[in-house]
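Asker: After the sequence you'll find the predicted model.
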Amino acid sequence: QEQLVESGGGLVQAGGSLRLSCAASGRTFSNSMMGWFRQAPGKEREFVARVTWSGGRTYYADSVKGRFAISRDNAKNTVYLQMNDLKPEDTGVYYCATGQYYSGPYPHDYDYWGQGTQVTVSS
C-alpha cells in the first residue's frame, strides 16, 4: 500500500520561505500525477500545484503562481514544494497526493494522501 509522508512545514514570517517534501513508499509513483493541496481552518481543501510524472509539466493555482515551485525526483520517490514570499493567507495544512497521470486540480482526482504538514505564516 502506498504511503505518503510530508515534511518541512513550520512557522515563518511573511516574506519568508519554506520547502516541503513528500516521500512516497509502497509502490512506484512514476507515471502518476503528484499534487499539493492545502486546507485552512474552516475552509475546503484547495489545489496548490501539481506536476506530471516526468516533471515536464507543472500547474499552479493563481494565488501561488510566481511564488511556489513544484518539482519531483522519481529516483527518490519524492516531490517538493518550494514556497517563497509566503503570505499569511498561505497558512494551512499542506497535503501531497498521488493520482492518475491525467489528474486535475480537484481533490477527488487523487487516490492517496499524506497526513499533512502545518504551515503557519505570521504577519
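Answerer: Nice, I can see it. Numbering: from 1, shown residues only.
Asker: What's the local residue count around T58?
Answerer: Number of residues near T58 (other Cβ atoms under 10 Å) recorded here: 14. For the C-beta atoms, the positions are set from N, CA and C on the backbone; glycine is no exception.
Asker: In the protein, where is pLDDT below threshold?
Answerer: In the predicted model, the chain carries pLDDT under 70 at residues 28, 30.
Asker: Okay, strands next: where are they in it?
Answerer: With strands called from DSSP state E, the chain shows them at 3-7, 10-13, 18-25, 33-39, 46-51, 58-60, 68-73, 78-83, 92-99, 110-113, 117-122.
Asker: Would you confirm that S71 contacts V51?
Answerer: Yes - contact criterion Cβ atoms under 8 Å: S71 and V51 qualify, at 6.7 Å.
Asker: Geometric centre of the chain: which residue is closest?
Answerer: W36 (2.3 Å; Cα atoms, centre = their mean).
Asker: Between S71 and V51, which is the more surrounded one?
Answerer: Just comparing S71 and V51: by other Cβ under 10 Å the higher neighbour count belongs to V51, 22 against 14.
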